[in-house]
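K.L.:
need the 3D shape of this:
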Amino acid sequence: MSFTESLWYSILDVIASFPDKVIYSIGWAIGLETIFDSCLKLFAIQFDVSGDTQRLRKKFISVFQGFRSCNNEACNEWLGKLLLRGESVKEILIKCGMPVDDSELSREEVNTT
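P.N.:
Down below sits the predicted model:
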């Protein structure tokens with residue numbers, strides 16, 4: 001897989017265009033997790049290579065906030081999933097400087113507005 005920021009940004013933009021209740025409940029049940037997994041793997045690798053992921057990072061945080069607020073149970077389950085090099089989703093998010101709990105998400109929302 002190659003990292004094309006504009007493509008992955010567009011994918012997250014499409015996800016964000018759906019109503020949160022639809023995409024994070026029905027979408028999660030029919031494969032949204034696979035898209036999140038792929039996006040996060042590519043994001044983590046790009047972060048390791050160049051660290052220049054600011055635009056995509058902001059979009060991913062926005063999408064993640066919607067996921068966390070609409071389907072907290074699935075979100076918590078996903079955070080514990082082992083994804084890349086034996087690291088959990090939560091560990092990868094933290095390593096990439098992304099907020100993972102509600103208080104961090106609230107601070108991030110203030111910083112990006």
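K.L.:
where do the helices sit along the protein?
P.N.:
Along the chain, the segments classed as helices by DSSP state H run 5-17, 20-21, 27-29, 32-49, 54-70, 72-79, 89-95, 102-112.
K.L.:
lowest average pLDDT across those helices?
P.N.:
Among the helices of the chain, helix 102-112 carries the lowest mean pLDDT, at a mean of 52.
K.L.:
what are the buried residues along stretch 59-70?
P.N.:
For stretch 59-70, the neighbour count (16 or more other C-beta atoms under 10 Å) marks 59-68, 70 as buried. Just so you know, the C-beta spots here come from the backbone N, C-alpha and C atoms, and that holds for glycine as well.
K.L.:
could I get those residues as JSON lines with distance to Pro19?
P.N.:
Shown next, in JSON lines, are the buried residues of stretch 59-70 (distance: C-beta to C-beta, whole Å):
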{"residue": "Lys59", "distance to Pro19": "18"}
{"residue": "Phe60", "distance to Pro19": "19"}
{"residue": "Ile61", "distance to Pro19": "19"}
{"residue": "Ser62", "distance to Pro19": "15"}
{"residue": "Val63", "distance to Pro19": "13"}
{"residue": "Phe64", "distance to Pro19": "16"}
{"residue": "Gln65", "distance to Pro19": "15"}
{"residue": "Gly66", "distance to Pro19": "10"}
{"residue": "Phe67", "distance to Pro19": "13"}
{"residue": "Arg68", "distance to Pro19": "16"}
{"residue": "Cys70", "distance to Pro19": "9"}
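K.L.:
now, which of those residues sits nearest Asp101?
P.N.:
Arg68 (8.7 Å; C-beta to C-beta).
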